[in-house]
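**Student:** Show me the folded form of this:
(chains A, B, C and D, ligands or ions: 4)
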2 protein chains.
Amino acid sequence: MPVAARGSLAEALSLRGIRLTRQRRLLLEVLDNAPGHLNARELLQAARRTDPTIDRATVYRTLHLLKTSGLVDELDLLHLEGEEHYYERRRTGDHVHLGCPQCGTISEFETDLVTKLAQEVHRREGFTATGVRIEVRGTCKACGEAQAR
Amino acid sequence: MPVAARGSLAEALSLRGIRLTRQRRLLLEVLDNAPGHLNARELLQAARRTDPTIDRATVYRTLHLLKTSGLVDELDLLHLEGEEHYYERRRTGDHVHLGCPQCGTISEFETDLVTKLAQEVHRREGFTATGVRIEVRGTCKACGEAQAR
DNA sequence: CTGTGAATGCAACTGAGTCGCAACTACGAG
DNA sequence: CTCGTAGTTGCGACTCAGTTGCATTCACAG
Ligand SMILES: [Mn+2]
Ligand SMILES: [Mn+2]
Ligand SMILES: [Zn+2]
Ligand SMILES: [Zn+2]
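**Tutor:** Numbers count the residues shown, from 1 in each chain, chains lettered A, B, ... in the order given. Ligands and ions are numbered 1, 2, ... in the order given. Next comes the predicted model:
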(Lines give C-alpha, C1' and ligand atoms only; values in the text may rest on other atoms or scores of the structure.)
(Ligands and ions follow the chains in the order given, each with its own letter.)
Protein backbone atom coordinates (compact mmCIF):
# COMPACT_ATOMS: atom_id res chain seq x y z
CA MET A 1 0.00 0.00 0.00
CA PRO A 2 1.19 3.50 -0.91
CA VAL A 3 3.38 5.37 1.53
CA ALA A 4 1.00 8.30 1.31
CA ALA A 5 -1.83 6.15 2.63
CA ARG A 6 0.33 4.95 5.48
CA GLY A 7 1.29 8.50 6.33
CA SER A 8 -2.25 9.74 6.34
CA LEU A 9 -3.29 6.77 8.42
CA ALA A 10 -0.74 7.46 11.13
CA GLU A 11 -1.86 11.07 10.98
CA ALA A 12 -5.51 10.18 11.19
CA LEU A 13 -4.83 8.05 14.24
CA SER A 14 -2.44 10.32 16.13
CA LEU A 15 -4.76 13.26 15.52
CA ARG A 16 -7.24 11.35 17.64
CA GLY A 17 -4.59 10.47 20.21
CA ILE A 18 -4.55 6.82 19.16
CA ARG A 19 -1.27 4.92 19.31
CA LEU A 20 -0.20 3.23 16.12
CA THR A 21 0.75 -0.25 17.29
CA ARG A 22 2.05 -3.11 15.18
CA GLN A 23 -1.28 -4.91 15.59
CA ARG A 24 -3.42 -1.95 14.55
CA ARG A 25 -1.30 -1.31 11.48
CA LEU A 26 -1.58 -4.95 10.52
CA LEU A 27 -5.35 -5.14 10.95
CA LEU A 28 -5.92 -2.02 8.86
CA GLU A 29 -3.61 -3.39 6.19
CA VAL A 30 -5.55 -6.66 6.08
CA LEU A 31 -8.84 -4.77 5.78
CA ASP A 32 -7.42 -2.62 2.99
CA ASN A 33 -6.22 -5.59 0.97
CA ALA A 34 -9.23 -7.83 1.55
CA PRO A 35 -11.19 -8.58 -1.60
CA GLY A 36 -14.63 -8.50 0.01
CA HIS A 37 -16.14 -8.02 3.42
CA LEU A 38 -14.55 -9.79 6.38
CA ASN A 39 -16.06 -10.79 9.68
CA ALA A 40 -14.04 -10.75 12.89
CA ARG A 41 -13.03 -14.40 12.64
CA GLU A 42 -11.84 -14.05 9.06
CA LEU A 43 -9.98 -10.87 9.94
CA LEU A 44 -8.19 -12.68 12.77
CA GLN A 45 -7.27 -15.62 10.54
CA ALA A 46 -5.91 -13.35 7.83
CA ALA A 47 -3.91 -11.28 10.31
CA ARG A 48 -2.44 -14.42 11.88
CA ARG A 49 -0.87 -15.37 8.58
CA THR A 50 1.42 -12.37 9.10
CA ASP A 51 1.56 -12.28 12.91
CA PRO A 52 0.56 -15.61 14.46
CA THR A 53 0.59 -14.15 17.97
CA ILE A 54 -2.21 -11.65 17.47
CA ASP A 55 -5.20 -12.37 19.68
CA ARG A 56 -8.93 -12.41 19.15
CA ALA A 57 -9.49 -9.85 21.91
CA THR A 58 -7.17 -7.43 20.14
CA VAL A 59 -9.18 -7.79 16.96
CA TYR A 60 -12.42 -6.92 18.75
CA ARG A 61 -10.86 -4.06 20.68
CA THR A 62 -9.31 -2.65 17.52
CA LEU A 63 -12.53 -2.95 15.56
CA HIS A 64 -14.33 -1.05 18.29
CA LEU A 65 -11.70 1.68 18.15
CA LEU A 66 -11.78 1.94 14.38
CA LYS A 67 -15.56 2.05 14.34
CA THR A 68 -15.82 4.87 16.84
CA SER A 69 -13.01 6.70 15.03
CA GLY A 70 -14.96 6.51 11.80
CA LEU A 71 -12.20 4.60 9.96
CA VAL A 72 -14.17 1.39 9.62
CA ASP A 73 -17.86 0.62 9.09
CA GLU A 74 -19.70 -2.33 10.55
CA LEU A 75 -22.27 -4.14 8.45
CA ASP A 76 -24.42 -7.14 9.10
CA LEU A 77 -25.45 -7.64 5.47
CA LEU A 78 -28.92 -8.49 6.79
CA HIS A 79 -27.41 -11.58 8.40
CA LEU A 80 -27.92 -13.57 5.22
CA GLU A 81 -25.81 -16.26 6.82
CA GLY A 82 -25.11 -16.41 10.54
CA GLU A 83 -24.96 -13.76 13.21
CA GLU A 84 -21.57 -12.23 12.52
CA HIS A 85 -20.87 -8.68 11.52
CA TYR A 86 -18.69 -7.59 8.65
CA TYR A 87 -16.21 -4.78 8.38
CA GLU A 88 -14.87 -2.52 5.64
CA ARG A 89 -12.66 0.56 5.48
CA ARG A 90 -14.70 3.73 5.20
CA ARG A 91 -14.34 5.23 1.75
CA THR A 92 -15.26 8.58 0.29
CA GLY A 93 -18.09 7.55 -2.04
CA ASP A 94 -21.28 6.46 -0.31
CA HIS A 95 -22.49 3.02 -1.19
CA VAL A 96 -25.24 0.61 -0.41
CA HIS A 97 -25.07 -3.18 -0.02
CA LEU A 98 -27.25 -5.55 -1.99
CA GLY A 99 -27.57 -9.11 -0.74
CA CYS A 100 -29.14 -11.99 -2.65
CA PRO A 101 -30.08 -14.88 -0.29
CA GLN A 102 -30.42 -17.31 -3.21
CA CYS A 103 -26.82 -17.17 -4.38
CA GLY A 104 -25.30 -15.53 -1.30
CA THR A 105 -23.68 -12.72 -3.25
CA ILE A 106 -23.12 -9.29 -1.74
CA SER A 107 -22.71 -6.49 -4.23
CA GLU A 108 -22.20 -2.77 -3.86
CA PHE A 109 -24.16 0.06 -5.36
CA GLU A 110 -23.10 3.69 -5.42
CA THR A 111 -25.83 6.27 -5.09
CA ASP A 112 -26.27 9.81 -3.88
CA LEU A 113 -29.50 8.82 -2.14
CA VAL A 114 -27.41 8.26 0.98
CA THR A 115 -26.44 11.93 1.07
CA LYS A 116 -29.95 12.96 0.11
CA LEU A 117 -31.34 11.00 3.03
CA ALA A 118 -28.91 12.59 5.48
CA GLN A 119 -29.96 16.02 4.23
CA GLU A 120 -33.67 15.26 4.43
CA VAL A 121 -33.34 13.91 7.94
CA HIS A 122 -31.51 17.05 8.98
CA ARG A 123 -33.97 19.41 7.34
CA ARG A 124 -37.16 17.76 8.53
CA GLU A 125 -36.06 16.41 11.90
CA GLY A 126 -33.04 18.43 13.07
CA PHE A 127 -31.10 15.16 13.25
CA THR A 128 -27.40 15.35 12.32
CA ALA A 129 -26.34 12.06 10.77
CA THR A 130 -22.84 10.75 11.44
CA GLY A 131 -23.35 7.40 9.77
CA VAL A 132 -25.89 5.87 7.42
CA ARG A 133 -26.21 2.18 6.73
CA ILE A 134 -28.41 0.92 3.92
CA GLU A 135 -28.75 -2.77 3.22
CA VAL A 136 -31.03 -4.28 0.61
CA ARG A 137 -32.15 -7.87 0.33
CA GLY A 138 -33.56 -9.27 -2.86
CA THR A 139 -33.05 -11.21 -6.06
CA CYS A 140 -29.97 -10.32 -8.04
CA LYS A 141 -30.02 -10.00 -11.81
CA ALA A 142 -28.50 -13.43 -12.44
CA CYS A 143 -30.89 -15.25 -10.08
CA GLY A 144 -33.84 -13.31 -11.52
CA GLU A 145 -32.99 -14.37 -15.07
CA ALA A 146 -32.43 -17.97 -14.03
CA GLN A 147 -35.85 -17.94 -12.34
CA ALA A 148 -37.60 -16.54 -15.41
CA ARG A 149 -37.27 -19.97 -17.03
CA MET B 1 -56.87 -5.64 18.35
CA PRO B 2 -59.57 -5.59 15.70
CA VAL B 3 -61.17 -8.85 14.63
CA ALA B 4 -60.46 -7.94 11.03
CA ALA B 5 -56.72 -7.86 11.73
CA ARG B 6 -56.92 -11.22 13.42
CA GLY B 7 -58.78 -12.66 10.49
CA SER B 8 -56.33 -11.37 7.93
CA LEU B 9 -53.48 -12.63 10.04
CA ALA B 10 -54.81 -16.18 10.12
CA GLU B 11 -55.36 -15.86 6.40
CA ALA B 12 -51.89 -14.54 5.77
CA LEU B 13 -50.42 -17.48 7.66
CA SER B 14 -52.57 -20.32 6.37
CA LEU B 15 -52.06 -19.05 2.83
CA ARG B 16 -48.43 -19.90 3.35
CA GLY B 17 -49.26 -23.25 4.92
CA ILE B 18 -48.29 -22.06 8.39
CA ARG B 19 -50.21 -23.37 11.39
CA LEU B 20 -51.66 -20.74 13.68
CA THR B 21 -50.64 -21.98 17.10
CA ARG B 22 -51.41 -20.39 20.45
CA GLN B 23 -47.77 -19.32 20.78
CA ARG B 24 -47.55 -17.71 17.36
CA ARG B 25 -50.76 -15.76 17.90
CA LEU B 26 -49.46 -14.56 21.26
CA LEU B 27 -46.08 -13.45 19.93
CA LEU B 28 -47.65 -11.48 17.10
CA GLU B 29 -50.07 -9.87 19.54
CA VAL B 30 -47.20 -8.83 21.81
CA LEU B 31 -45.32 -7.34 18.87
CA ASP B 32 -48.44 -5.46 17.76
CA ASN B 33 -49.05 -3.94 21.16
CA ALA B 34 -45.44 -3.15 22.01
CA PRO B 35 -44.72 0.56 22.35
CA GLY B 36 -41.25 0.47 20.80
CA HIS B 37 -38.84 -2.10 19.42
CA LEU B 38 -38.35 -5.36 21.28
CA ASN B 39 -35.42 -7.72 21.23
CA ALA B 40 -35.89 -11.48 21.56
CA ARG B 41 -35.39 -11.47 25.34
CA GLU B 42 -37.90 -8.68 25.89
CA LEU B 43 -40.36 -10.39 23.57
CA LEU B 44 -40.05 -13.60 25.57
CA GLN B 45 -40.52 -11.77 28.88
CA ALA B 46 -43.60 -9.95 27.62
CA ALA B 47 -45.12 -13.12 26.20
CA ARG B 48 -44.50 -14.98 29.46
CA ARG B 49 -46.71 -12.54 31.31
CA THR B 50 -49.60 -14.07 29.36
CA ASP B 51 -48.29 -17.62 28.91
CA PRO B 52 -45.54 -18.49 31.42
CA THR B 53 -44.80 -21.80 29.70
CA ILE B 54 -43.64 -20.35 26.39
CA ASP B 55 -40.00 -21.13 25.67
CA ARG B 56 -37.06 -19.17 24.33
CA ALA B 57 -36.56 -21.61 21.46
CA THR B 58 -40.13 -21.04 20.32
CA VAL B 59 -39.52 -17.30 20.23
CA TYR B 60 -36.49 -17.71 18.00
CA ARG B 61 -38.18 -20.26 15.76
CA THR B 62 -41.24 -18.04 15.42
CA LEU B 63 -39.19 -14.94 14.69
CA HIS B 64 -37.38 -16.81 11.95
CA LEU B 65 -40.70 -17.87 10.47
CA LEU B 66 -42.19 -14.39 10.63
CA LYS B 67 -39.10 -12.85 9.10
CA THR B 68 -39.03 -15.20 6.13
CA SER B 69 -42.80 -14.73 5.73
CA GLY B 70 -42.34 -10.98 5.54
CA LEU B 71 -44.59 -10.29 8.53
CA VAL B 72 -41.81 -9.03 10.77
CA ASP B 73 -38.65 -7.04 10.14
CA GLU B 74 -35.37 -7.48 11.97
CA LEU B 75 -33.33 -4.43 12.92
CA ASP B 76 -30.10 -4.03 14.76
CA LEU B 77 -30.44 -0.26 15.24
CA LEU B 78 -26.70 -0.04 14.55
CA HIS B 79 -26.12 -1.94 17.79
CA LEU B 80 -26.14 1.27 19.79
CA GLU B 81 -26.20 -0.92 22.87
CA GLY B 82 -25.32 -4.59 22.83
CA GLU B 83 -25.44 -7.20 20.13
CA GLU B 84 -29.14 -8.01 20.11
CA HIS B 85 -31.52 -7.56 17.25
CA TYR B 86 -34.88 -5.88 17.42
CA TYR B 87 -38.17 -6.77 15.80
CA GLU B 88 -41.22 -4.91 14.53
CA ARG B 89 -44.33 -5.79 12.58
CA ARG B 90 -43.99 -4.87 8.95
CA ARG B 91 -46.20 -1.90 8.10
CA THR B 92 -47.33 -0.34 4.86
CA GLY B 93 -45.44 2.99 5.00
CA ASP B 94 -41.70 2.76 4.57
CA HIS B 95 -39.67 4.18 7.38
CA VAL B 96 -36.13 4.65 8.49
CA HIS B 97 -34.62 4.39 11.98
CA LEU B 98 -32.63 7.19 13.56
CA GLY B 99 -30.46 6.33 16.56
CA CYS B 100 -28.75 8.87 18.84
CA PRO B 101 -25.94 7.20 20.84
CA GLN B 102 -25.80 10.13 23.29
CA CYS B 103 -29.32 9.76 24.67
CA GLY B 104 -30.06 6.27 23.38
CA THR B 105 -33.27 7.29 21.65
CA ILE B 106 -34.52 5.50 18.54
CA SER B 107 -36.92 7.48 16.40
CA GLU B 108 -38.64 6.75 13.14
CA PHE B 109 -38.71 8.79 9.99
CA GLU B 110 -41.05 8.27 7.06
CA THR B 111 -39.65 8.94 3.64
CA ASP B 112 -40.22 7.85 0.06
CA LEU B 113 -36.47 7.58 -0.46
CA VAL B 114 -36.80 3.92 0.48
CA THR B 115 -39.03 3.27 -2.50
CA LYS B 116 -36.86 5.50 -4.68
CA LEU B 117 -33.82 3.46 -3.76
CA ALA B 118 -35.56 0.18 -4.59
CA GLN B 119 -36.51 1.59 -7.97
CA GLU B 120 -33.04 2.92 -8.72
CA VAL B 121 -31.45 -0.40 -7.77
CA HIS B 122 -33.82 -2.22 -10.07
CA ARG B 123 -33.34 0.15 -12.98
CA ARG B 124 -29.58 0.38 -12.83
CA GLU B 125 -28.66 -3.09 -11.57
CA GLY B 126 -31.53 -5.43 -12.39
CA PHE B 127 -31.81 -6.22 -8.68
CA THR B 128 -35.32 -6.84 -7.34
CA ALA B 129 -35.50 -5.69 -3.73
CA THR B 130 -37.65 -7.63 -1.28
CA GLY B 131 -36.53 -5.74 1.79
CA VAL B 132 -34.69 -2.52 2.49
CA ARG B 133 -33.22 -1.60 5.84
CA ILE B 134 -31.96 1.91 6.48
CA GLU B 135 -30.47 2.87 9.82
CA VAL B 136 -28.97 6.24 10.65
CA ARG B 137 -26.72 7.09 13.54
CA GLY B 138 -26.21 10.68 14.68
CA THR B 139 -27.08 13.49 17.04
CA CYS B 140 -30.78 14.04 17.63
CA LYS B 141 -32.30 17.51 17.76
CA ALA B 142 -32.45 17.64 21.56
CA CYS B 143 -28.84 16.52 22.05
CA GLY B 144 -27.70 18.91 19.31
CA GLU B 145 -29.34 21.88 21.02
CA ALA B 146 -27.98 20.88 24.42
CA GLN B 147 -24.50 20.67 22.88
CA ALA B 148 -24.76 24.13 21.31
CA ARG B 149 -24.36 25.64 24.77
C1' DC C 1 -63.45 -37.70 16.24
C1' DT C 2 -59.20 -39.39 14.88
C1' DG C 3 -54.54 -39.77 12.83
C1' DT C 4 -50.52 -37.60 11.52
C1' DG C 5 -47.08 -34.35 10.45
C1' DA C 6 -45.81 -30.10 12.33
C1' DA C 7 -44.74 -27.43 16.45
C1' DT C 8 -43.40 -27.02 21.30
C1' DG C 9 -40.69 -27.41 25.74
C1' DC C 10 -36.69 -28.81 27.57
C1' DA C 11 -31.91 -29.20 28.28
C1' DA C 12 -27.53 -29.45 26.39
C1' DC C 13 -24.72 -27.19 23.31
C1' DT C 14 -22.17 -23.64 20.18
C1' DG C 15 -19.66 -19.77 19.35
C1' DA C 16 -19.38 -14.63 19.10
C1' DG C 17 -17.93 -11.25 21.88
C1' DT C 18 -16.20 -9.47 26.72
C1' DC C 19 -13.26 -8.72 30.73
C1' DG C 20 -9.73 -8.68 34.50
C1' DC C 21 -5.09 -8.92 34.97
C1' DA C 22 -0.07 -9.29 34.45
C1' DA C 23 3.38 -8.44 30.93
C1' DC C 24 4.73 -5.43 27.27
C1' DT C 25 5.45 -1.24 24.36
C1' DA C 26 4.61 3.40 21.96
C1' DC C 27 5.99 7.67 22.53
C1' DG C 28 6.74 12.09 24.78
C1' DA C 29 9.50 14.36 28.45
C1' DG C 30 13.95 15.06 29.82
C1' DC D 1 19.11 8.60 22.98
C1' DT D 2 17.34 6.73 27.48
C1' DC D 3 13.62 6.46 30.73
C1' DG D 4 8.98 6.47 32.78
C1' DT D 5 4.44 5.65 32.26
C1' DA D 6 -0.08 5.41 30.47
C1' DG D 7 -2.01 2.84 27.10
C1' DT D 8 -2.13 -1.70 24.83
C1' DT D 9 -1.67 -6.64 24.32
C1' DG D 10 -2.17 -11.79 25.13
C1' DC D 11 -4.23 -14.90 27.78
C1' DG D 12 -7.81 -17.53 29.87
C1' DA D 13 -12.04 -17.55 31.97
C1' DC D 14 -16.44 -15.98 31.32
C1' DT D 15 -21.20 -14.35 29.49
C1' DC D 16 -25.09 -14.91 27.04
C1' DA D 17 -27.62 -14.85 22.43
C1' DG D 18 -29.05 -18.14 19.54
C1' DT D 19 -29.30 -23.33 17.97
C1' DT D 20 -30.36 -28.21 18.03
C1' DG D 21 -31.95 -33.12 19.01
C1' DC D 22 -35.49 -35.41 20.99
C1' DA D 23 -39.69 -36.87 23.40
C1' DT D 24 -44.27 -34.93 23.99
C1' DT D 25 -48.15 -32.18 22.49
C1' DC D 26 -51.20 -30.09 19.25
C1' DA D 27 -53.44 -28.00 14.85
C1' DC D 28 -56.19 -29.21 11.50
C1' DA D 29 -57.48 -32.00 7.31
C1' DG D 30 -60.13 -35.87 6.40
MN1 LIG E 1 -19.00 -2.47 1.01
MN1 LIG F 1 -26.64 -7.00 13.34
ZN1 LIG G 1 -28.40 -14.05 -6.61
ZN1 LIG H 1 -30.08 12.30 21.50
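
**Student:** Name the residues of chain A found near DNA strand C, please.
**Tutor:** By CB under 7 Å from any atom of the strand, the residues of chain A that approach DNA strand C are A:14, A:19-22, A:39-41, A:56-57, A:60, A:64, A:82-85. For the C-beta atoms, the positions are set from N, CA and C on the backbone; glycine is no exception.

**Student:** among those, who's most crowded?
**Tutor:** Greatest neighbour count in the residues of chain A next to DNA strand C, by other CB atoms under 10 Å in any protein chain shown, goes to residue A:85: 19 neighbours.

**Student:** Show me where chain A has its helices.
**Tutor:** For chain A, helices defined by DSSP state H occupy the ranges A:3-15, A:22-33, A:40-50, A:56-68, A:113-125, A:141-147.

**Student:** Other residues contacting the shortest one?
**Tutor:** Just to be clear, that refers to helix A:141-147. A:100, A:102-103, A:139, B:125-128 (CB atoms under 8 Å, 6 or more residues apart in numbering or on different chains).

**Student:** I'd like to know which of the residues you listed are buried.
**Tutor:** Among the contacts of helix A:141-147, those buried by neighbour count (16 or more other CB atoms under 10 Å in any protein chain shown) are A:100, A:139, B:125, B:127-128.

**Student:** Format the helices of chain A as JSON lines; extra columns: distance to residue B:78 and mean pLDDT.
**Tutor:** Formatted as JSON lines, the helices of chain A follow (distance: least, CB to CB, whole Å; pLDDT from 0 to 100):
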{"stretch": "helix A:3-15", "distance to residue B:78": "22", "mean pLDDT": "56"}
{"stretch": "helix A:22-33", "distance to residue B:78": "19", "mean pLDDT": "94"}
{"stretch": "helix A:40-50", "distance to residue B:78": "17", "mean pLDDT": "96"}
{"stretch": "helix A:56-68", "distance to residue B:78": "10", "mean pLDDT": "95"}
{"stretch": "helix A:113-125", "distance to residue B:78": "14", "mean pLDDT": "95"}
{"stretch": "helix A:141-147", "distance to residue B:78": "29", "mean pLDDT": "93"}
